[in-house]
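Student: give me coordinates for this.
(one chain, ligands or ions: 2)
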Amino acid sequence: MSDKCGNCDCADKSQKKGTSYGVVIVEAEKSHLEEVAAGEVMGGLPMDQAFVQAPEHRAKPSVAEADGIPVIDLSPLFAADGVDVDALAAEVGRASQDWGFFVVVRHGVPEEVVARAAEAQRAFFALPPARRAAVARSEAAQMGYYASDHTQNVRDWKEAFDLVPTRHSLLPPPSAVVLDNKWPDDLPGFREAMEEYGEAVEELAFKLLELIARSLGLRPDRLHGFFEDHQTTFIRLNHYPPCPSPDLALGLGHHKDAGALTVLYQDAVGGLDVRRRCDGEWVRVRPIPQSFIINIGDIIQVWSNDRYESVEHRVVVNVEKERFSIPFFFYPASYTMVEPLEEVMSEESPARYNPYSWGEFFSARKNGNFKKLDVDYVQITHFRKNTPVHVQ
Ligand SMILES: O=C(O)CCC(=O)C(=O)O
Ligand SMILES: [Fe+2]
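Tutor: Ligands and ions are numbered 1, 2, ... in the order given. Okay, here's the model as predicted:
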């Protein structure tokens, strides 16, 4: 039997063409999500079992809106001299410590740049399945379209398109992962909108990095060097179609982001839940027009030696509305060794992590995307001091 998926050229053997596990059936007029939503493929079950979350992970019908998530106005960064950037950095530091999440407004990314990217995103997901499948990602070339992601081994109710914003990267040997873009044919303005968006958001990401460095008492440009060459940053266009059973499935299962920072655009629908640090409750991030949601990723958790924590989050879907979001995953160069920064350690606070190679971590995660794993994939907890290291 071929070790390829039955629907595209990924290696997910669980995908059998034409069954309820089908993902993108090239000749079909509907995607699998559309078929499941239409109740066409489940043999009378309320939901394709691949999407069903364990009871403890399912969304409750109502969830508190997280009023407490800090909203930070970044306009002091663009003001004339004399403005107290340290006060702003302190605000970012408090938010990073207390929540691991915050919202930024007046952030300097032009409204029309975001609008053009959001419009191009909608146009892409409105293409017929065959045209989306024409730019499907594969194990060897991992940018492009897919509708078969699993988080914690349960299938997510979403489809997505990944692209690198400004450059093409090749992860170092032994990995053969190429981060090279696939652009859909005949979708005028798509590529331009994404490149323009990537450039503008990268500028914001560098400013945030600077504020985080300041908040840790470091030189403002202390972290820049990690992102100068061979950055592995990528952008993901997420589309969460309406779901017939939002009580059973999630748009995206609970997880933490592995990179340094995530800069997230979400539309007005809402559905992002964050695990509140003070009590472990899931709380919804209210959509605010012209804002970005920022979260601390695992790498900053390690660099800061646990002063800041990467926090769990998930996406809840709903029966009526589709939802769109665009995370920008700010990732360092593949050759970065991630370890607690010397300046944040002291005798009382020695290193809590062993160094790990970002390139290897990233490849292991990316390859894990193509398999339904029996074990948890690589995580920073594997590098905690006095715990065994599991990177392949
Ligand atoms: O869609 C969202 O709001 C969040 C997406 C997310 O957390 C991710 O892609 O890692
Ligand atoms: Fe995430």
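
Student: which residues of the stretch 1-150 of the chain score low on pLDDT?
Tutor: 1-30, 38-47, 63-67, 82 (pLDDT under 70).

Student: please, where are all the helices along it?
Tutor: 32-37, 85-98, 111-125, 129-133 (DSSP state H, counting those that start in this stretch).

Student: TSV please, covering these and showing mean neighbour count.
Tutor: Where C-beta positions appear, they are placed from N, C-alpha and C, glycine not excepted. Below are the helices of the stretch 1-150 of the chain laid out as TSV (neighbours: other Cβ atoms under 10 Å):
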stretch	mean neighbour count
helix 32-37	21
helix 85-98	17
helix 111-125	17
helix 129-133	19
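
Student: between those helices, which one is closest to residue 78.
Tutor: helix 85-98 (10.9 Å; Cβ to Cβ).

Student: Serialize the helices of the stretch 1-150 of the chain to a markdown table and add fields for distance to ligand 1.
Tutor: What follows is the helices of the stretch 1-150 of the chain, written out as a markdown table (distance: least, Cβ to the nearest ligand atom, whole Å):
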| stretch | distance to ligand 1 |
| --- | --- |
| helix 32-37 | 15 |
| helix 85-98 | 17 |
| helix 111-125 | 12 |
| helix 129-133 | 18 |
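
Student: make JSON lines out of the ones you listed and add distance to residue 196.
Tutor: Shown next, in JSON lines, are the helices of the stretch 1-150 of the chain (distance: least, Cβ to Cβ, whole Å):
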{"stretch": "helix 32-37", "distance to residue 196": "29"}
{"stretch": "helix 85-98", "distance to residue 196": "26"}
{"stretch": "helix 111-125", "distance to residue 196": "5"}
{"stretch": "helix 129-133", "distance to residue 196": "22"}
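
Student: let's verify the residue nearest in space to the middle of the chain: helix, strand, or coil?
Tutor: With distances taken as Cα atoms, centre = their mean, the chain has residue 327 as the residue nearest its mean C-alpha position (5.2 Å). For residue 327, the secondary-structure state derived from DSSP: H, G, I helix; E, B strand; the rest coil is strand.

Student: report the beta-bridge partner residues of it.
Tutor: Beta-bridge partners recorded for residue 327 (DSSP bridges): residue 264.

Student: before we move on, the earlier item: to residue 52, which of the helices of the stretch 1-150 of the chain lies closest?
Tutor: helix 32-37 (11.5 Å).

Student: residues touching the residue of the stretch 201-350 of the chain found nearest ligand 1, list them.
Tutor: Nearest residue of the stretch 201-350 of the chain to ligand 1, counting by Cβ to the nearest ligand atom: residue 325, 3.3 Å away. By Cβ atoms under 8 Å, 6 or more residues apart in numbering, the contact list for residue 325 reads 238, 240, 264-267, 272, 315.

Student: coming back round to it: which one, of the helices of the stretch 1-150 of the chain, ends up nearest to residue 216?
Tutor: Here helix 85-98 is closest among the helices of the stretch 1-150 of the chain (Cβ to Cβ), at 7.2 Å.

Student: which residues are in contact with that closest one?
Tutor: 70, 72, 74, 76-77, 101-102, 208, 211-212, 214-216, 277-278, 296, 300, 307-309.

Student: of these, grab the buried ones for PyMOL.
Tutor: PyMOL command restricting the contacts of helix 85-98 to the buried ones, with burial defined by 16 or more other Cβ atoms under 10 Å:
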select buried, resi 70+72+74+77+101+102+208+211+212+214+215+216+296+300+307+308+309
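
Student: which of the contacts of helix 85-98 fall within strands?
Tutor: The strands, defined by DSSP state E, take in 72, 101-102, 296 from the contacts of helix 85-98.

Student: residue 240 bridge partners, please.
Tutor: Beta-bridge partners of residue 240, as defined by DSSP bridges: residue 323.

Student: ok, it - how many residues close by?
Tutor: By other Cβ atoms under 10 Å, the residues close to residue 240 number 27.

Student: separation between it and residue 302?
Tutor: 30 Å (Cβ to Cβ, to the nearest Å).

Student: enumerate the residues of the stretch 201-350 of the chain near ligand 1.
Tutor: 236, 238, 252, 257, 264, 266, 272, 313, 315, 325, 327 (Cβ under 6 Å from any ligand atom).

Student: grab the nearest non-local neighbour of the fourth one.
Tutor: This points to residue 257. Among residues not flanking residue 257 along the chain, residue 297 sits closest, at 4.2 Å (Cβ to Cβ, 6 or more residues apart in numbering).

Student: ok, that neighbour - contacts?
Tutor: Per Cβ under 8 Å, 6+ apart, neighbours of residue 297: 256-262, 310, 329-330.

Student: hmm, 10 Å instead?
Tutor: 100, 256-262, 308, 310-311, 329-331, 380 (Cβ atoms under 10 Å, 6 or more residues apart in numbering).

Student: next, it: phi, psi?
Tutor: phi -100, psi 180 (degrees, to the nearest 10).
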